[in-house]
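Chemist: predicted structure and sequence below. I'll ask about it afterward.
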Amino acid sequence: MYAVEPARADSPDREHEPLALRFRAARAGDSETCAPLIFASGVREFGFFLGEPADACIQFLAFAFASKLGRFSYRRHRVAVTDDDQPVAVLALHDGRHAWFDDPHVALMLVWFFGLRRTVRMLLRGLVLESELPAPKSTQTLIAHCATHERLRGTGVFSTLFADAMRAREQVSPWTRAGRGEPDRHQLVLDVLVSNKRAYALYRRLGFVELPRRAPVSARLPGELESVRMEWVGKE
């Protein structure tokens, strides 16, 4: 339920274009722009979990993004924006210390949007998906919903947004322990589909390493959704 696969990762073989971008926390008003990006970050995951056409998935994500709470909330996301303040890239950061209400909130949002009958089926599929894409532990921060606008993929936008998020993480923020007199010992982790070799290579370049698999793939999960969890150790 924490889909993170970029539709296409930043490509090393494409010439980078000069871009004038700013980075900021997402806002509720970004929902219509960010929802398609978030859907693109995990088309297969959302398709399995929601079991709805793409348009319906995007409409739900826009609805949930505008909420103040939950894993799809604008409050969990950072965006790269153009000079006219339009988001062109997005990512989410989920601090495991503050994610205990995520599952009940998602269930509530689904009932409001899709109704009880369809929601029950979605939650059952969600349990299967979460066996492969587990929620972050209290000692982890999970990066998710990583996507860049199609016309800017391969220009380094996502890498720059990630670097901005890491700078924000080092400052006083919802996902650090700054001000408590103790170091931030959180693991920064993400999940990527095994089949997405390009995204895997991007994350390796950004300083992520693959973690050992903790459990076999569920027999109820489509093979195309097999994923690996990676931890950020920083660039050497």
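Modeler: Thanks, I have the structure now. Quick caveat: nothing in here was measured; it's all calculated off a predicted structure.
Chemist: pull the contacting residues for Met109.
Modeler: By Cβ atoms under 8 Å, 6 or more residues apart in numbering, the residues touching Met109 are 60, 63-64, 67, 70, 72. (Each C-beta comes from the backbone N, C-alpha and C, glycine too.)
Chemist: now do the helices in this protein.
Modeler: 31-40, 43-50, 54-65, 102-114, 116-132, 157-170, 197-206 (DSSP state H).
Chemist: tell me the bridge partners for Ala80.
Modeler: Per DSSP bridges, the residues bridged to Ala80 are Phe23, Ala89.
Chemist: which residues sit in contact with it?
Modeler: Applying Cβ under 8 Å, 6+ apart, the residues contacting Ala80 are 21-23, 87-90, 148, 157, 160-161, 164.
Chemist: and if we set it to 10 Å?
Modeler: 19, 21-24, 86-91, 148-149, 152, 157-158, 160-162, 164 (Cβ atoms under 10 Å, 6 or more residues apart in numbering).
Chemist: can you give me the distance of it to Val88?
Modeler: 6 Å (Cβ to Cβ, to the nearest Å).
Chemist: please enumerate the shared neighbours of these two.
Modeler: Joint contacts of Ala80 and Val88 (Cβ under 10 Å, 6+ apart) are 19, 21, 148-149, 152, 157-158, 161.
Chemist: remind me which residues of this protein are low pLDDT?
Modeler: By pLDDT under 70, the weakly predicted segments of the chain are 1-19, 171-185, 236.
Chemist: change it to 50
Modeler: 1-17, 172-183 (pLDDT under 50).
Chemist: ok, Arg78 to Ala201 distance?
Modeler: In terms of Cβ to Cβ, Arg78 sits 23 Å off from Ala201.
Chemist: repeat for Leu124
Modeler: Taking Cβ to Cβ, one finds Leu124 at 34 Å from Ala201.
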